[in-house]
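Engineer: sequence and computational prediction follow.
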Amino acid sequence: MSAECDGVLERIYSALDGEVSAEELADIHQHLEACPPCLEEYEVEAALKALVRRCCAEQAPAALRAKIVASITRVQTVQTTVTAHAADGSAVVTRVTRTTTVEG
Ligand SMILES: [Zn+2]
């Protein structure tokens, strides 16, 4: 990360809010093309912003909300304890962990 990166990262937020000039925006994009870490940061911020915009939209229809919820896949871990008895009478405890994905 260079000092140039710091400046670009600061301006990314403004750029995403549409608060920079076309010239500045071009500078930012030029830097992003040459700097993968900054590009990654930009993409994360852009995705986050799009998500927030979608979720905070005052008139988000119920169907859209349901769609977002449905797209979130939950992972459910079920641990089962199985106790068996060996031939000599001693208990053999086996823990079985099963991970399943649950479509929201
Ligand atoms: Zn950079």
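Structural biologist: Happy to help now that I have it.
Engineer: so where's the protein uncertain?
Structural biologist: In the predicted model of the chain, residues 1, 55-60, 72-79, 101-104 satisfy pLDDT under 70.
Engineer: residues of it that sit close to the ion?
Structural biologist: 5, 35, 38 (CB under 5 Å from the ion). Every residue, glycine included, has its C-beta placed from N, CA and C.
Engineer: ok, the last one touching residue 8?
Structural biologist: Yes - between residue 38 and residue 8 there is a contact under CB atoms under 8 Å: 5.3 Å.
Engineer: what do the two both touch?
Structural biologist: 31, 32 (CB atoms under 8 Å, 6 or more residues apart in numbering).
Engineer: can you list the residues of the chain next to the ion in a markdown table and add secondary structure?
Structural biologist: Output for these, formatted as a markdown table (DSSP: H, G, I helix; E, B strand; the rest coil):
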| residue | secondary structure |
| --- | --- |
| 5 | helix |
| 35 | coil |
| 38 | helix |
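Engineer: can you add neighbour count and give those residues back as TSV?
Structural biologist: Shown next, in TSV, are those (neighbours: other CB atoms under 10 Å):
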residue	neighbour count
5	14
35	17
38	21
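Engineer: show me where this structure has its helices.
Structural biologist: Counting by DSSP state H, the segments of the chain that form helices are 3-16, 22-34, 36-56, 62-71.
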